[in-house]
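>>> Build me a model:
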Amino acid sequence: MSLDGLKVNLQYFLPKHLISWGASVLANAKLGRCTTFAIEQFAKHYKINLDEMDGDIEDFETFNEFFTRPLKPNARPIDAAQNSIVFPADGRISQFGDLRADFMLQAKGHYFTTETLLGDENDAKYFENGKFMTVYLSPSDYHRVHIPFAGRLLKMTYIPGELFSVNPLYTKHIPELLARNERVICLFETALGRMAVIFVGAVVVGSVSTDWDGVVSPNGSYDVCVTTYEREKLEYDKGAEIGKFLMGSTVICLFEKDKIDFVAGLKKEQKTRVGAKMATALGIANTTPVKAKKPAAKSAAKKTIAKKAKSAPKK
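Numbering: from 1, shown residues only. Okay, the predicted model is just below:
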């Protein structure tokens, strides 16, 4: 068996949730000079650009504070065209393109359905024959996630699941990995119809946090949790921050049929930056952007619990 094969097989047997919990405890520990030293070594190893960081290494009391570090104002300018759609995260393009009816590509030879990914048949129908973009965030990347196009939050769904590593080796070899892992699905209403932004968890990802609800994943539950926001006006400008990952993972964006065209020349493994144009919104004139309202209070959200996640079958 090759070394890559051994690594893939180990993913099925490792106590991934336990490993992630242990990593989270360490990453949240306030260890003074030890924490600062660990951050310095991490930044050096991954060649992180500290000049764009808002603050100094010594300002961070925990490793996680550094990992979700904010950037200086205007470090990620947002494409100003009214009809542009921008990348949601710094990272690399894993896959992108057309949804084949209800199927999306994970890696060569591996597909999964949008219904499995979203855990909801009705939500999946909005994206039949639409388009998708998958961005992989490595440990070296900026780990805050931004909305690709202005929209209003309709619903958030937390789906528990596996915590397979999401780096390219494993997405190429583990079937339906992205639809089997724990994930947080954010459904927005936009001028282009529905848009989904999906946070996919992975091993050593301490948590997923959203702007409107704080830490969402993990939530200590094995149940699907659906939160709706019909009575609220949680509206976000294009490029506004909507959440963050602790450690590396993946973001998937879904768009309805015939609503966007990806910019020419995009290719797999291409680097992405928050705010850079990734697609053009069809049927929207390139005019001066209209600023969205500030998100409303969070008290009106309605939560429901579904006992069974609609997740891909384990193999």
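>>> show me where the stretch 51-200 of the chain has strands.
84-86, 91-98, 103-107, 110-113, 131-137, 144-146, 151-159, 183-190, 193-200 (DSSP state E, counting those that start in this stretch).
>>> out of the ones you listed, nearest to Glu52?
Closest approach to Glu52 among those (CB to CB): strand 144-146, 12.5 Å. Any C-beta I mention is one placed from the backbone N, CA and C, and that applies to glycine too.
>>> And for the closest one, what's in contact with it?
68, 70, 76, 78, 86, 88-89, 197, 199, 239-245, 251, 274-275 (CB atoms under 8 Å, 6 or more residues apart in numbering).
>>> any idea which helix or strand of the protein has the worst average confidence?
Every helix and strand of the chain was ranked by mean pLDDT, DSSP states H and E. The lowest is strand 103-107, at a mean of 55.
>>> residue ranges with poor pLDDT in the chain?
1-24, 101-111, 162-178, 203-206, 217-221, 247-248, 287-302, 304-315 (pLDDT under 70).
>>> what number of residues lie near the nearest residue to Thr134 once chain neighbours are set aside?
Spatial nearest neighbour of Thr134, excluding adjacent residues (CB to CB, 6 or more residues apart in numbering): Ser94 at 4.2 Å. Using other CB atoms under 10 Å, Ser94 is surrounded by 24 other residues.
>>> What's the local residue count around Arg69?
Neighbours of Arg69 (other CB under 10 Å): 22.
>>> roughly how far apart are it and Thr210?
Distance, Arg69 to Thr210, by CB to CB, to the nearest Å: 18 Å.
>>> before we move on, what about Phe149?
Phe149 is 17 Å from Thr210, by CB to CB.
>>> Between the two, tell me which one has more neighbours.
Shown here are Phe149 and Thr210; by other CB under 10 Å, Phe149 has more neighbours (26 against 23).
>>> Return the residues in contact with Thr62.
Thr62 touches Ala27, Asn28, Ala29, Lys30, Thr35, counting by CB under 8 Å, 6+ apart.
>>> Counting neighbours, which of the residues you listed comes out on top?
That'd be Thr35 among the contacts of Thr62, by other CB under 10 Å, with 22 neighbours.
>>> close enough to count as contact, that one and Glu58?
No: taking contacts as CB atoms under 8 Å, Thr35 lies outside contact range of Glu58: 9.8 Å.
>>> neighbours around the closest residue to Glu121 other than its chain neighbours, how many?
Closest residue to Glu121 apart from its sequence neighbours, by CB to CB, 6+ apart: Glu115 at 5.4 Å. Other residues near Glu115 come to 19 when the count uses other CB under 10 Å.
>>> go on, Gln82?
For Gln82, using other CB under 10 Å, the count is 16.
>>> again, but for Asp261
Neighbours of Asp261 (other CB under 10 Å): 12.
>>> same deal with Gly151?
26.
>>> Quick one: residues contacting the residue lying closest to it once chain neighbours are set aside.
Once flanking residues are discounted, Gly151 sits nearest to Phe188: 3.5 Å by CB to CB, 6+ apart. By CB under 8 Å, 6+ apart, the contact set of Phe188 is Ile147, Gly151, Arg152, Leu153, Leu154, Arg194, Met195, Ala196, Val197, Tyr236.
>>> wait, Leu71 sits on Met53?
Yes: the criterion here is CB under 8 Å, and Leu71 meets it with Met53 at 6.4 Å.
>>> Compare these two (neighbour count), which wins?
Met53 (19 against 16).
>>> ok, that one - contacts?
Arg69, Pro70, Leu71, Lys72 are the contacts of Met53 under CB under 8 Å, 6+ apart.
>>> same question, Ile39
Ile57, Phe60, Phe63, Phe66.
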